[in-house]
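Colleague: Build me a model from this:
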Amino acid sequence: MGSHSNEGVLVVTAATFTVAVLTGVEDAISQGYGPGARHWFPYARLAGYVTDLTAPVNVVQPNPRRADEHRLASQLLGERLVPTSGGPIAYVKTRPTGSAADTKGELAR
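Modeller: Numbers count the residues shown, from 1 in each chain. Okay, here's the model as predicted:
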């Protein structure tokens, strides 16, 4: 297992609406191969989530030691993004970047 820094980001969408932002996902443990593979993220942190899709309220986890994750979740929650995986609940692939603005720009491509 590698280091568990906060650079890995997993954005979760429901019908293209960003409903959760997980950070610390770079140390995935995979079970299986190909499209049927399952992944476990032992060091993942929930940076933020949306409470309700009909009357959305963004909840961002406060953590003074991880202000960058707070900013990232604040910027991405509620955004409409094209998911990478299929289905009604999906994820958006990202690359480790230097700032929340870089990540949002990467997701918009």
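
Colleague: where's V59 relative to L81, distance?
Modeller: Counting by CB to CB, to the nearest Å, the separation of V59 from L81 is 18 Å. To be clear about C-beta, it is placed using only N, CA and C from the backbone, and glycine gets the same treatment.

Colleague: higher neighbour count, those two?
Modeller: L81 (18 against 13; other CB atoms under 10 Å).

Colleague: Next, S74: secondary structure please.
Modeller: helix (DSSP: H, G, I helix; E, B strand; the rest coil).

Colleague: Assumed A67 was part of a helix.
Modeller: Yes. If the criterion is three-state DSSP, then A67 is within a helix.

Colleague: Just the pLDDT for it.
Modeller: As predicted, A67 sits at a pLDDT of 85.

Colleague: Repeat that for P56.
Modeller: P56 carries a pLDDT value of 82.

Colleague: before we move on, what about V21?
Modeller: Residue-level pLDDT assigned to V21 equals 91.

Colleague: Please name every helix or strand in contact with the helix or strand harbouring it.
Modeller: If you go by DSSP states H and E, V21 is part of strand 17-23. When contacts are defined as 3 or more CB pairs under 8 Å, 6 or more residues apart in numbering; DSSP states H and E, strand 17-23 sits against strand 9-14, strand 45-50, helix 67-76.

Colleague: Switch these over to a markdown table; also include mean neighbour count and distance to A20.
Modeller: Shown next, in a markdown table, are the helices and strands packed on strand 17-23 (neighbours: other CB atoms under 10 Å; distance: least, CB to CB, whole Å):
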| stretch | mean neighbour count | distance to A20 |
| --- | --- | --- |
| strand 9-14 | 22 | 4 |
| strand 45-50 | 20 | 4 |
| helix 67-76 | 19 | 9 |
